[in-house]
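Participant: Have a look; sequence and predicted model below, questions after that.
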Amino acid sequence: MTFSQHPQNLDRLQFDNMREHVEETGIGHFLLWIDISKTLSKLSQTLVEKYDAKKRMFYI
């Protein structure tokens, strides 16, 4: 997932496209999409933190 796809960083066009998609498919898909993106961002943050911790371990 790229930075621009994260729900907090949507530009206006992406938001409009997503809103149209929600109106067509229902709110459940939209909520699922947000949940997946939050999970992915937490996972990537965790991986970065672990990588940073390992890097610090080697340089001490």
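Facilitator: On my side now, so go ahead. Please read these numbers as outputs of a predicted model, since none were measured by experiment.
Participant: Could you give the number of residues near residue 39?
Facilitator: 11 (other C-beta atoms under 10 Å). Where C-beta positions appear, they are placed from N, C-alpha and C, glycine not excepted.
Participant: and residue 17, what element?
Facilitator: helix 12-25 (DSSP states H and E).
Participant: what about that helix, average pLDDT?
Facilitator: On average, the pLDDT along helix 12-25 is 71.
Participant: For it, list the C-alpha coordinates in PDB.
Facilitator: The C-alpha atoms that make up helix 12-25 are tabulated as PDB, following Å, rounded to 0.1, in the frame of the first residue of the first chain:
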ATOM      1  CA  ARG A  12     -10.100  14.900  -3.600                       C
ATOM      2  CA  LEU A  13     -10.400  12.800  -6.700                       C
ATOM      3  CA  GLN A  14      -9.600   9.600  -4.900                       C
ATOM      4  CA  PHE A  15     -12.100  10.500  -2.300                       C
ATOM      5  CA  ASP A  16     -14.900  11.200  -4.900                       C
ATOM      6  CA  ASN A  17     -14.100   7.900  -6.700                       C
ATOM      7  CA  MET A  18     -14.200   6.000  -3.400                       C
ATOM      8  CA  ARG A  19     -17.500   7.700  -2.400                       C
ATOM      9  CA  GLU A  20     -19.000   6.600  -5.800                       C
ATOM     10  CA  HIS A  21     -17.800   3.100  -5.200                       C
ATOM     11  CA  VAL A  22     -19.300   3.000  -1.700                       C
ATOM     12  CA  GLU A  23     -22.700   4.200  -3.100                       C
ATOM     13  CA  GLU A  24     -22.600   1.400  -5.700                       C
ATOM     14  CA  THR A  25     -21.400  -1.500  -3.400                       C
END
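Participant: Can you name the next helix or strand after it?
Facilitator: helix 27-59.
Participant: Report all helices and strands that that following helix contacts.
Facilitator: helix 12-25 (3 or more C-beta pairs under 8 Å, 6 or more residues apart in numbering; DSSP states H and E).
Participant: List the buried residues in the helix it packs on.
Facilitator: Judged by neighbour count using 16 or more other C-beta atoms under 10 Å, helix 12-25 contains no buried positions.
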